[in-house]
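[1] Give me a 3D structure for the following:
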Amino acid sequence: MAITQNYRLNLIQWYPGHIAKAEKKLKEQLKRVDVVFEVRDARIPLATHHPQMAEWVEGKTRVLILNRVDMITPQMRSLWIDWFKRQGEVPYFTNAQHGKGIAEVARAAQAAGVELNQRRSDRGMLPRPVRAVVIGFPNVGKSALINRLLGKRVVESAARPGVTRQLRWVRISEHLELLDAPGVIPVRLENQDAALKLAICDDIGEASYDNQLVAAALVDLLNYLEAVAADLLPKKPLESRYQLDSTISDTGDIYLHALAEHRYKGDIERAARQLLTDFRKGLLGEISLELPPN
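    The predicted model follows:
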C-alpha cells in the first residue's frame with residue numbers, strides 16, 4: 001500500500017553531517033571486523049534494512065537482530081521468522097531495553113569466534129577476540145544492545161535518533177570486541193513509504209518530517225492493516241485509545257482533525273504529537289507496520 005500520496009511536496013530526507021563522517025570512518029574500520037550485527041526495528045524490518053548492508057558484510061559473518069520484539073505480537077514474530085527462513089536467514093529477536101534475547105545473540109557471537117579462531121589455528125596463527133560491529137538505522141537500539149551484552153552501561157543510549165556520534169571499540173570479554181557506530185542511513189531515501197515508517201517509529205531525525213502529515217499517514221496505514229490483516233493487530237487500536245472510531249473518516253488527515261476537536265481543543269499539532277508518542281510507547285498495542293511479503 002502506498003501511503004505517500006500526501007508527500008509529493010514533503011519528501012522525507014535526512015542525512016546529518018555526523019552520520020556522513022561516521023559512515024566514512026565505519027568503512028575504514030570494517031577491514032578489521034569479523035562479524036556484523038545488523039540491528040533492525042521489529043515493527044518495520046524491511047524499512048530498516050540498509051541498501052548497502054550486503055556490501056558492508058561481504059566476506060564476514062552477519063547476525064541479523066530484530067529489536068523491540070515486545071512491540072509486535074508473537075504471531076507476527078512467527079510470520080517474520082518463517083519469511084526470513086525462506087530467504088535463508090535466521091533472525092534473532094531482542095528487547096534490548098529489558099535484556100530479552102541477548103543471551104542468544106551472545107552465543108551467536110561466540111560461535112562466530114570459534115569459527116574464526118579455528119581458521120586462524122589452521123593457518124598457524126594465534127587465537128584472538130572476535131571483532132564485531134553493530135550497524136543499523138538511528139534509534140533501533142544498538143547502544144542498548146551493547147550495554148546488555150556488556151552487562152553494564154558503557155555507551156550512551158536514549159530513545160531518540162542521533163545520540164551515538166562517534167565510533168568506539170568496547171571490549172565485551174576476552175573473546176569479543178564490539179565497535180559501537182552511530183546510526184547509518186542512506187544518503188537519499190528513495191523509498192518514501194519506508195521513510196514514512198521510519199518517521200512513525202522515530203528511527204529518523206524529527207527535523208526531516210511534519211508531525212501532522214506523519215500522524216495522518218499512521219492512521220491511514222492502521223486502517224489499511226485492519227482491512228487486510230485484522231487478526232494480526234489489536235482490535236480497533238485507535239478507537240480503544242481515543243474513543244473515536246477511525247473508520248468514520250475517509251482519510252487519516254480528516255481523522256486527525258476530528259481527534260483534535262474530540263480530545264485536544266482543536267489543536268491539530270498536539271493531537272499529531274500525542275498520536276505518534278502513543279504509538280511509539282506501545283500504548284496503541286503491539287503493532288507491526290509491515291507484513292512479510294507474499
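[2] Would you mind measuring from Ser143 to Trp169?
    Going from Ser143 to Trp169 by C-beta to C-beta, to the nearest Å gives 14 Å. Heads up, the C-betas are built off the backbone N, CA and C, glycines and all.
[3] okay, and the common contacts of the two?
    Asp180 (C-beta atoms under 8 Å, 6 or more residues apart in numbering).
[4] neighbour count winner among those two?
    Ser143 (25 against 12; other C-beta atoms under 10 Å).
[5] Look up which helix or strand that one falls in, please.
    helix 142-150 (DSSP states H and E).
[6] Give me the buried stretch members for that helix, please.
    142-150 (16 or more other C-beta atoms under 10 Å).
[7] now that helix: how far from the chain's centre is it?
    Remark: helix 142-150 is offset 15 Å from the chain centroid, using C-alpha atoms, centre = their mean, to the nearest Å.
[8] right, and the helix or strand after it?
    Past helix 142-150, the next helix or strand by DSSP H and E is strand 168-173.
[9] Out of the buried residues of helix 142-150, which two sit at the greatest distance?
    Maximum pairwise distance among the buried residues of helix 142-150 (C-beta to C-beta): 12.8 Å, between Lys142 and Leu150.
[10] Would you confirm that Pro292 contacts Trp83?
    Yes: because the distance of 3.6 Å satisfies C-beta atoms under 8 Å, Pro292 is recorded as touching Trp83.
[11] can you pull the pLDDT of Phe137?
    The model reports Phe137 with a pLDDT of 91.
[12] Give me the number of neighbouring residues for it.
    When counting by other C-beta under 10 Å, one arrives at 23 neighbours for Phe137.
[13] Ok, Ala229 next?
    13.
[14] and it, what is it in contact with?
    The contact partners of Ala229, taken as C-beta under 8 Å, 6+ apart, are Leu291.
[15] switch the cut-off to 10 Å
    Taking C-beta atoms under 10 Å, 6 or more residues apart in numbering, we find Ala229 in contact with 76, 79, 288, 291.
[16] will you turn the residues you listed into a markdown table that also has neighbour count, secondary structure and pLDDT?
    Shown next, in a markdown table, are these (neighbours: other C-beta atoms under 10 Å; DSSP: H, G, I helix; E, B strand; the rest coil; pLDDT from 0 to 100):
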| residue | neighbour count | secondary structure | pLDDT |
| --- | --- | --- | --- |
| Met76 | 22 | helix | 96 |
| Leu79 | 17 | helix | 97 |
| Ser288 | 23 | coil | 97 |
| Leu291 | 16 | coil | 97 |
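[17] Just name the closest of the residues you listed to Trp56, please.
    Closest approach to Trp56 among the contacts of Ala229 (C-beta to C-beta): Ser288, at 25.8 Å.
[18] surely the closest one meets Asp70?
    No: between Ser288 and Asp70 there is no contact under C-beta atoms under 10 Å: 12.0 Å.
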